[in-house]
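[1] build me a model:
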Amino acid sequence: MRIIEKGAFVQVKEGVEAYLPIGELSENRVNKVEDVVNIGDVVKAAIIKFNAENKRMMLSIKELTREPEEDISKYMSLGDDTIGNIGDVLKEKIESSEEE
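    Purely as a prediction, here's the structure:
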């Protein structure tokens, strides 16, 4: 619909628009919104924020291209919500290697 310095306003459907911030256009740094999207372009984007009260919606293109984060739960014990701090982990590694 229209482009501003910090993003673009996108028509989701007739009468419904959403904001697509420049920081959500790509995983890479974007200097100008027009480097990625222009008026009239059709884009795929994920809804990342929605406020029904004031009828505002924020979109992200980069959210669709982001790699899923690794699930580390398989390395944790049932009921264990922490894996310790890095200092403890390193200390254990050093001590175990010294014993060998």
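[2] in stretch 2-17, what counts as buried?
    By neighbour count on 16 or more other Cβ atoms under 10 Å, the buried set for stretch 2-17 is 3, 7, 8, 10, 17. The way it works is simple: take the backbone N, C-alpha and C, and place the C-beta from them, glycine included.
[3] how about stretch 39-58?
    So, applying 16+ other Cβ under 10 Å, buried residues of stretch 39-58: 45, 57, 58.
[4] now do stretch 17-24
    17, 18, 19, 20, 21, 22, 24.
[5] CSV for the buried residues of stretch 39-58, including distance to residue 29, secondary structure and pLDDT?
    Listed next are those as CSV, based on distance: Cβ to Cβ, whole Å; DSSP: H, G, I helix; E, B strand; the rest coil; pLDDT from 0 to 100:
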residue, distance to residue 29, secondary structure, pLDDT
45, 18, coil, 89
57, 24, strand, 90
58, 19, strand, 92
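[6] now, which of those residues sits nearest residue 38?
    Closest approach between these and residue 38, by Cβ to Cβ: residue 45, at 14.7 Å.
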